[in-house]
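Enquirer: Show me how the following folds:
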Amino acid sequence: MQNIPTDLLRTLVAVVDLRSFTKAAQTLGVTQPAVSAQIKRLQSLIGYELLDKSAPGVSLTQRGTAVVAQARRLLAINDEILQVSNGHSAVQTLRVGIPGDYSGSRIPATLARFRLRWPDIGFAVTSGPADNILRALKQGDLDVVMAVTDTPPVTKPRHLWMRQAVWVRSDATRVDPDRPVPLVSYAEDCACQRVAVAALSQAGRRCDFVFTSASLTSLAAAVGAGFGVLAMPRGRALRNNLYIWEDPPLPTLPQLFCGIYVRDGEARSAADELADYLDADLRAEPQPPHYETGASISDLRAASGA
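Expert: Numbers count the residues shown, from 1 in each chain. Coordinates of the predicted model:
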């Protein structure tokens with residue numbers, strides 16, 4: 001009976017998880033041609049193509065998707081056998097997807113606390129627009145996803161809660177009713193940006209993107225400097241000591257759908273518990289600080305010691 005070497009399967013899984021032959025080669029400590037040769041050998045042993053050459057990037061064929069799922073199971077068993085035999089713990093990597101505007105948030109600290117309970121768990125964190133990371137979850141490229149959307153989720157989440165979107169400003173903010181609303185926004189597509197633009201459009205207001213950045217620290221500084229207004233979930237504004245414009249001369253923003261999603265497949269207690277852990281940490285609504293109404297962002301940060 002013909003056997004499939006586990007190193008070939010491990011190479012395939014690395015290519016799929018990292019979505020790159022080059023990154024897989026670096027992770028495995030081999031050259032890129034060696035990775036390509038191993039994939040070709042695996043396909044030769046199995047008898048059909050695993051990667052869809054007609055699609056851009058790394059994309060699996062239908063059969064390839066099935067092979068990767070079985071490969072993960074076989075490699076997990078292989079690693080468990082080695083763990084039992086040598087007495088060392090094997091590190092399991094959970095692939096986590098978060099919104100791009102959360103990449104600088106407290107989520108890394110949450111993951112660090114979670115690792116105190118699961119010391120043999122490592123994390124590979126990916127950030128991006130909700131549509132992208134939810135698609136990666138469906139394709140099996142991510143294990144746990146936290147996504148914020150402006151419409152009800154199509155994929156069933158393990159946990160779901162609502163969060164009100166609000167306008168954030170500072171004392172230096174000036175919004176001229178006869179001119180486009182100056183928007184401070186994230187550098188990539190996100191739910192907050194979409195609801196802000198949609199609300200303004202429905203109210204007959206135009207807007208200008210006057211400052212964009214992928215860093216929340218940079219965005220908060222831009223708002224504090226008076227560049228414009230920023231839309232974000234109320235909880236995030238409170239946690240970051242940002243000044244919420246409670247009665248703005250701007251349209252009211254809707255509620256957002258915040259969800260924690262887990263990849264379908266065999267039971268994975270670590271992924272499930274991580275989802276529960278993130279839900280408990282992120283769902284809790286922070287209490288507003290007791291500051292003067294007209295306090296600026298810099299005043300709030302100074303008072304909080306941030």
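Enquirer: what ranges do the strands span in the protein?
Expert: Secondary structure of the chain (DSSP state E): strands at 92-99, 121-128, 144-149, 159-168, 181-186, 207-213, 230-233, 255-262.
Enquirer: which of the ones you listed is buried the deepest?
Expert: Mean neighbour counts were taken over the strands of the chain using mean count of other Cβ atoms under 10 Å, and the top value, a mean of 26, falls to strand 230-233. All C-beta spots, glycine's among them, are computed from the backbone N, C-alpha and C.
Enquirer: coming back round to it: any chance of the strands of the chain in TSV, with distance to residue 219 too?
Expert: Output for the strands of the chain, formatted as TSV (distance: least, Cβ to Cβ, whole Å):
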stretch	distance to residue 219
strand 92-99	14
strand 121-128	15
strand 144-149	16
strand 159-168	9
strand 181-186	6
strand 207-213	5
strand 230-233	6
strand 255-262	17
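Enquirer: Including mean pLDDT and distance to residue 25, could these go into JSON lines?
Expert: As requested, those are exported to JSON lines (pLDDT from 0 to 100; distance: least, Cβ to Cβ, whole Å):
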{"stretch": "strand 92-99", "mean pLDDT": "88", "distance to residue 25": "18"}
{"stretch": "strand 121-128", "mean pLDDT": "87", "distance to residue 25": "17"}
{"stretch": "strand 144-149", "mean pLDDT": "94", "distance to residue 25": "26"}
{"stretch": "strand 159-168", "mean pLDDT": "94", "distance to residue 25": "37"}
{"stretch": "strand 181-186", "mean pLDDT": "93", "distance to residue 25": "33"}
{"stretch": "strand 207-213", "mean pLDDT": "94", "distance to residue 25": "33"}
{"stretch": "strand 230-233", "mean pLDDT": "93", "distance to residue 25": "39"}
{"stretch": "strand 255-262", "mean pLDDT": "94", "distance to residue 25": "30"}
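Enquirer: and residue 242, which of the ones you listed is closest to it?
Expert: The minimum distance between residue 242 and the strands of the chain falls on strand 159-168, with 4.7 Å, by Cβ to Cβ.
Enquirer: ok so, going back, identify whichever of the strands of the chain lies nearest to residue 77.
Expert: Residue 77 sits nearest to strand 92-99 of all these, at 13.1 Å, using Cβ to Cβ.
Enquirer: Okay, helices next: where are they in the stretch 151-300 of the chain?
Expert: For the stretch 151-300 of the chain, the helices defined by DSSP state H, counting those that start in this stretch occupy 191-202, 216-224, 234-239, 269-283, 297-304.
Enquirer: which one of those helices lies closest to residue 12?
Expert: helix 269-283 (20.9 Å).
Enquirer: list the buried ones in the closest one?
Expert: Neighbour counts over helix 269-283 (16 or more other Cβ atoms under 10 Å) mark 270-271, 274-275, 277-279, 282 as buried.
Enquirer: Can you tell me which of the residues you listed lies closest to residue 220?
Expert: For the buried residues of helix 269-283, the residue nearest residue 220 by Cβ to Cβ is residue 282; the value is 19.2 Å.
Enquirer: ok, that closest one - contacts?
Expert: Neighbour list for residue 282: 107, 110, 146, 258, 260 [criterion: Cβ atoms under 8 Å, 6 or more residues apart in numbering].
Enquirer: What of residue 139?
Expert: 60, 65.
Enquirer: The one 5 residues further on now?
Expert: When contacts are counted by Cβ under 8 Å, 6+ apart, residue 144 is found next to 94-97, 260-263, 271, 274-275, 278.
Enquirer: just to revisit the earlier point, tell me which of the strands of the chain sits nearest to residue 50.
Expert: Of all the strands of the chain, it is strand 92-99 that lies closest to residue 50, at 19.4 Å by Cβ to Cβ.
Enquirer: Tell me which strands that closest one pairs with, and in which orientation.
Expert: When pairs are called by DSSP bridges, strand 92-99 turns out to pair with strand 121-128 (parallel), strand 144-149 (parallel).
Enquirer: now these in a markdown table, with distance to residue 221?
Expert: Below are the strands paired with strand 92-99 laid out as a markdown table (distance: least, Cβ to Cβ, whole Å):
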| stretch | distance to residue 221 |
| --- | --- |
| strand 121-128 | 20 |
| strand 144-149 | 22 |
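Enquirer: Quick one: closest of the ones you listed to residue 178.
Expert: When the strands paired with strand 92-99 are compared by Cβ to Cβ, strand 144-149 sits nearest residue 178, at 32.6 Å.
Enquirer: Return the member of the buried residues of helix 269-283 nearest to residue 199.
Expert: residue 282 (24.0 Å).
Enquirer: Now do the closest one against residue 232, distance only.
Expert: Separation of residue 282 from residue 232 (Cβ to Cβ, to the nearest Å): 14 Å.
Enquirer: Thanks again, I'm all set now.
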